[in-house]
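[1] Provided below for reference: sequence and predicted model.
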2 protein chains.
Amino acid sequence: MKKFAAFNLRKLPSHAPQGMNKEDSKRKTEQLQQDLVELQNRLYAENRRSVLIILQGMDASGKDGLIRTVFSGLNPQGVRVHSFKEPTSEELAHDFLWRIHAQAPRHGMIQVFNRSQYEDVLITRVQKLITTEEARRRFVAINAFEKLLQQSGTTVLKFYLHVSEDEQRQRLQERHSDPTKQWKYEADDEGKVKKWPLYRLMYEDVFRHCNPGSCPWHLVPADQNWYKAYVVAKIVRDTLKEMAPRYPATKKERPKE
Amino acid sequence: MKKFAAFNLRKLPSHAPQGMNKEDSKRKTEQLQQDLVELQNRLYAENRRSVLIILQGMDASGKDGLIRTVFSGLNPQGVRVHSFKEPTSEELAHDFLWRIHAQAPRHGMIQVFNRSQYEDVLITRVQKLITTEEARRRFVAINAFEKLLQQSGTTVLKFYLHVSEDEQRQRLQERHSDPTKQWKYEADDEGKVKKWPLYRLMYEDVFRHCNPGSCPWHLVPADQNWYKAYVVAKIVRDTLKEMAPRYPATKKERPKE
């Protein structure tokens, strides 16, 4: 979780640190989830602030699984997940933040972005859809956008789920054999692995340019699902604990919905 | 759960039938929720159909609690809750189904409506904002709307949570004393109880006019939370089981998102 002066994803650990124990971590994660249930109730009742959780990571880094593991158990009335897919023609006819902004959380909510505005400076660059200059302009726009959200009561948490090339290759391979995962298999999955080095460079550029002290990236070793879940649950719980949302004393004290 | 030729909410039971056991029902509900997790995974993976769950009921009938009890545990990526509040001026500048339609579930999703289009033929009539003729026109529009959804792959489940006047009065009273509920207390809560008979009449009119065999209301005795949760969980589980969603064999077989 430490910050790197110069980001080098090759040197970033994708494994849990020595001494971390699977069973122990799972138990801790369950405790964190119980804390989250109560904190979310308070956040929802308070209705003044919100949390935005941004999940990025290479294909097969386990974003879907993380959402299921960490956020199942929360009251669905107070949590919302939005998966950003390939933009529609309507979305492409607007600036790149238009569709993102529309999904910003309202007061009281925990919003999870499965992929996000960062795809517009990642896959777009890998596919050479935008120039480096355009990417630079987008970095500035993203920083301003996240600041706006923060100034409006939204706590923004950015997670990069870091899997190694080997682990990614193995997971994509599993999609062939597991009948509950076959539907995720794509013909160009092999191509994706080959593009790992290019994605790595583009991610490193994101971490250089969109990483202010007020809204840093959390780089999460993600080769082991249990460790990844623990790290994210811990950061989300600690963040909510620090926000210390509280039940309004009366209806009047609560902002009208 | 039986159908009434002439709806008379005064005669509708608000209690669990004799012989229903609390601990037993809770255990069964837990089992149903486990089934739901797997069925939801399949529905999401299949990405061809969806489920819309409409929750209606008097104030303090326990809609929020039901959502928490029955739907916590589901993968939040595949379930979405929308609470319809007092309409905004933008919403009022459109037909009454405009804001509802915008929240219809996309393929693969379970969508829960906390209140719904039915408020537009309930509170609007109690407050005399619309005429009986307008209410009749809206009934027709609602039936056509729900049919449209059904024909497009959405299974619509409508639940009315039925609490007795006594139970409602007691629950509203509790909002004074429970610090985790005080924020729900409203100055006119007493007035709401007084309006029960009027709401009752308007609900009965809904059940007469918007209750086709293809999209019936489920009238749920709701004085006991454990029984209410069991009934709703059972109907939702059975419905999904009958839909029998299945994992696509390949990505190609799955409709593109």
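    In hand now; what should we look at?

[2] use CA for all of it now, contacts and neighbours both
    Fine.

[3] quick check: closest non-adjacent residue to the residue of the stretch 1-150 of chain A found nearest chain B.
    Across the stretch 1-150 of chain A, the shortest distance to chain B (C-alpha to the nearest C-alpha) belongs to A:Gly73, at 4.3 Å. Computed as C-alpha to C-alpha, 6 or more residues apart in numbering or on different chains, the closest residue to A:Gly73 that is not its neighbour in sequence is B:Gly73, at 4.3 Å.

[4] and that neighbour, what does it touch?
    B:Gly73 sits next to A:72-74, B:33, B:37 when contact means C-alpha atoms under 8 Å, 6 or more residues apart in numbering or on different chains.

[5] let's have the residues you listed in CSV, adding distance to A:Leu157.
    Converted to CSV, the contacts of B:Gly73 look like this (distance: C-alpha to C-alpha, whole Å):
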residue, distance to A:Leu157
A:Ser72, 18
A:Gly73, 20
A:Leu74, 18
B:Gln33, 30
B:Val37, 27
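
[6] can you pick the most crowded of those residues?
    A:Leu74 (25 neighbours; other C-alpha atoms under 10 Å in any protein chain shown).

[7] how about the contacts made by that one?
    Under the criterion of C-alpha under 8 Å, 6+ apart, the neighbours of A:Leu74 are A:36-37, A:40, B:68, B:72-73.

[8] how about A:His218, secondary structure?
    Secondary structure state of A:His218, per DSSP: H, G, I helix; E, B strand; the rest coil, is strand.

[9] could you list the low-confidence segments of the stretch 101-250 of chain A?
    Counting by pLDDT under 70, the stretch 101-250 of chain A contains low-confidence residues at A:187.

[10] around chain B, pick out the residues from the stretch 151-257 of chain A.
    A:179-180, A:182-186, A:247-254, A:257 (C-alpha under 8 Å from any C-alpha of the partner chain).

[11] pick out whichever of those sits closest to A:Tyr44.
    A:Tyr247 (8.6 Å; C-alpha to C-alpha).

[12] how many neighbouring residues does that closest one have?
    Neighbour count of A:Tyr247, defined by other C-alpha under 10 Å: 21.

[13] wait, it touches B:Thr180, no?
    Yes: between A:Tyr247 and B:Thr180 there is a contact under C-alpha atoms under 8 Å: 6.2 Å.

[14] that older thread, could I get the contacts of B:Gly73 in CSV, plus columns for pLDDT?
    CSV is the format used below for the contacts of B:Gly73 (pLDDT from 0 to 100):
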residue, pLDDT
A:Ser72, 93
A:Gly73, 92
A:Leu74, 96
B:Gln33, 96
B:Val37, 96
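
[15] can you list those in JSON lines and add secondary structure and distance to B:Ala233?
    Conversion of the contacts of B:Gly73 to JSON lines gives the following (DSSP: H, G, I helix; E, B strand; the rest coil; distance: C-alpha to C-alpha, whole Å):
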{"residue": "A:Ser72", "secondary structure": "strand", "distance to B:Ala233": "17"}
{"residue": "A:Gly73", "secondary structure": "coil", "distance to B:Ala233": "16"}
{"residue": "A:Leu74", "secondary structure": "strand", "distance to B:Ala233": "17"}
{"residue": "B:Gln33", "secondary structure": "helix", "distance to B:Ala233": "7"}
{"residue": "B:Val37", "secondary structure": "helix", "distance to B:Ala233": "12"}
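
[16] quick check, nearest of those residues to A:Thr124?
    Of all the contacts of B:Gly73, A:Ser72 has the smallest distance to A:Thr124: 31.6 Å, by C-alpha to C-alpha.

[17] gap between the closest one and A:Glu30?
    According to C-alpha to C-alpha, to the nearest Å, A:Ser72 stands 11 Å off from A:Glu30.

[18] after the helix or strand containing A:Asp24, which helix or strand is next?
    Following DSSP states H and E, one finds A:Asp24 within helix A:22-46. Later in the chain than helix A:22-46, the nearest helix or strand by DSSP H and E is strand A:50-57.

[19] can you check what angle separates that following strand from helix A:22-46?
    140 degrees (axes from the mean of the first three to the mean of the last three C-alpha atoms, to 10 degrees).

[20] show me what counts as buried in strand A:50-57.
    A:50-57 (16 or more other C-alpha atoms under 10 Å in any protein chain shown).

[21] quick one: strands adjacent to that strand?
    With DSSP bridges as the test, strand A:50-57 is paired with strand A:110-114 (parallel), strand A:154-162 (parallel).

[22] how about the helices in the stretch 151-257 of chain A?
    Counting by DSSP state H, counting those that start in this stretch, residue ranges of the helices within the stretch 151-257 of chain A are A:165-177, A:189-194, A:196-209, A:225-243.

[23] of all these, which lies closest to B:Pro87?
    Using C-alpha to C-alpha as the measure, helix A:225-243 is the one of the helices of the stretch 151-257 of chain A that comes nearest B:Pro87, at 30.2 Å.

[24] quick check: A:Gln182 vs B:Pro221, distance?
    Relative to B:Pro221, and taking C-alpha to C-alpha, A:Gln182 is found at 42 Å.

[25] more crowded one of these two?
    Taking neighbours as other C-alpha under 10 Å, A:Gln182 and B:Pro221 compare with B:Pro221 leading, 23 against 20.

[26] tell me what that one is bridged to.
    B:His162.

[27] do I have it right that it meets B:Pro13?
    Yes: applying C-alpha under 8 Å as the test, B:Pro221 and B:Pro13 come out as touching, 5.9 Å apart.

[28] show me what from the stretch 1-150 of chain A comes close to chain B.
    Near chain B, the residues belonging to the stretch 1-150 of chain A are A:45, A:64, A:67-68, A:71-77, A:79-82, A:85 when assessed by C-alpha under 8 Å from any C-alpha.

[29] repeat the analysis, applying 10 Å as the threshold.
    With the criterion set to C-alpha under 10 Å from any C-alpha of the partner chain, the stretch 1-150 of chain A comes near chain B through A:37, A:41-42, A:45-46, A:64-65, A:67-86, A:112-114.

[30] hmm, which of those residues are the buried ones?
    With burial judged by 16+ other C-alpha under 10 Å, the buried subset of these is A:37, A:41-42, A:45-46, A:67-82, A:84, A:112-114.

[31] buried sites along stretch A:26-42?
    Within stretch A:26-42, the residues that count as buried by 16+ other C-alpha under 10 Å are A:29-30, A:32-33, A:35-37, A:39-42.

[32] put the alpha carbons of it into CSV.
    Written as CSV, here are the backbone C-alpha positions of stretch A:26-42 (Å, rounded to 0.1, in the frame of the first residue of the first chain):
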residue,chain,number,x,y,z
LYS,A,26,-11.1,-14.0,6.3
ARG,A,27,-12.2,-13.8,9.9
LYS,A,28,-11.0,-10.2,10.0
THR,A,29,-12.8,-9.4,6.8
GLU,A,30,-16.1,-10.7,8.2
GLN,A,31,-15.7,-8.5,11.2
LEU,A,32,-15.0,-5.5,9.0
GLN,A,33,-18.2,-6.3,7.0
GLN,A,34,-20.2,-6.3,10.2
ASP,A,35,-18.8,-2.9,11.0
LEU,A,36,-19.7,-1.7,7.5
VAL,A,37,-23.4,-2.7,8.0
GLU,A,38,-23.8,-0.4,10.9
LEU,A,39,-21.7,2.4,9.4
GLN,A,40,-23.7,2.2,6.2
ASN,A,41,-27.0,2.5,8.2
ARG,A,42,-25.7,5.6,9.8
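
[33] roughly how far out does it sit from the chain middle?
    Average the C-alpha atoms of stretch A:26-42, do the same for its chain, and the two points are 18 Å apart (C-alpha atoms, centre = their mean, to the nearest Å).

[34] same check, this time on stretch A:16-35
    Relative to its chain's centre, stretch A:16-35 lies at 20 Å (C-alpha atoms, centre = their mean).

[35] for B:Gln168, see how far away A:Lys158 is.
    Using C-alpha to C-alpha, A:Lys158 is found at 44 Å from B:Gln168.
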